[in-house]
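Novice: Kindly return the folded structure for what I paste below:
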Amino acid sequence: MTRARKELVSVETTPYYHCICRCVRRAFLCGEDSYSGKNYEHRRGWVLERLRELQGVFAVDVCAYAVMSNHYHLVVRLDADRAAAWSEGEVMERWERLFSLQLRGQP
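Specialist: Numbers count the residues shown, from 1 in each chain. Okay, the predicted model is just below:
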């Protein structure tokens, strides 16, 4: 059964977390897929570039990472003090770096 993030993450207990994300159905993230014969190694650079971008937007530091053929591991540190110092406007500006905001009253 899934649990809410607020039940899983407690910055007071520890700011460090080990995160894992896996591909499904024989999908390849990086490297040579022996089943299809395709090479997906170029995606490793995409993953690293995206991690750098997300680290610059959110109050999260990537301490360690490993990008494998069908999954990746991250060890991250949540910086609650840095996030708490942001104004509401700064939070919106950071969010808009990744997503388009539809403000009320605008189409």
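Novice: what's the longest helix seen in the chain packed up against?
Specialist: Secondary structure of the chain per DSSP state H: the longest helix is helix 42-57. If you count contacts as 3 or more C-beta pairs under 8 Å, 6 or more residues apart in numbering; DSSP states H and E, helix 42-57 packs onto strand 60-67, helix 88-98. (Glycine included, C-beta is placed from N, CA and C.)
Novice: Other residues contacting the last one?
Specialist: Applying C-beta atoms under 8 Å, 6 or more residues apart in numbering, the set of residues contacting helix 88-98 from outside is 53-54, 57-58, 86, 101.
Novice: 6 Å instead, please
Specialist: Residues from elsewhere that reach helix 88-98 (C-beta atoms under 6 Å, 6 or more residues apart in numbering): V57.
Novice: and it with helix 42-57, angle?
Specialist: Note on geometry: by axes from the mean of the first three to the mean of the last three C-alpha atoms, to 10 degrees, helix 88-98 and helix 42-57 are set 170 degrees apart in direction.
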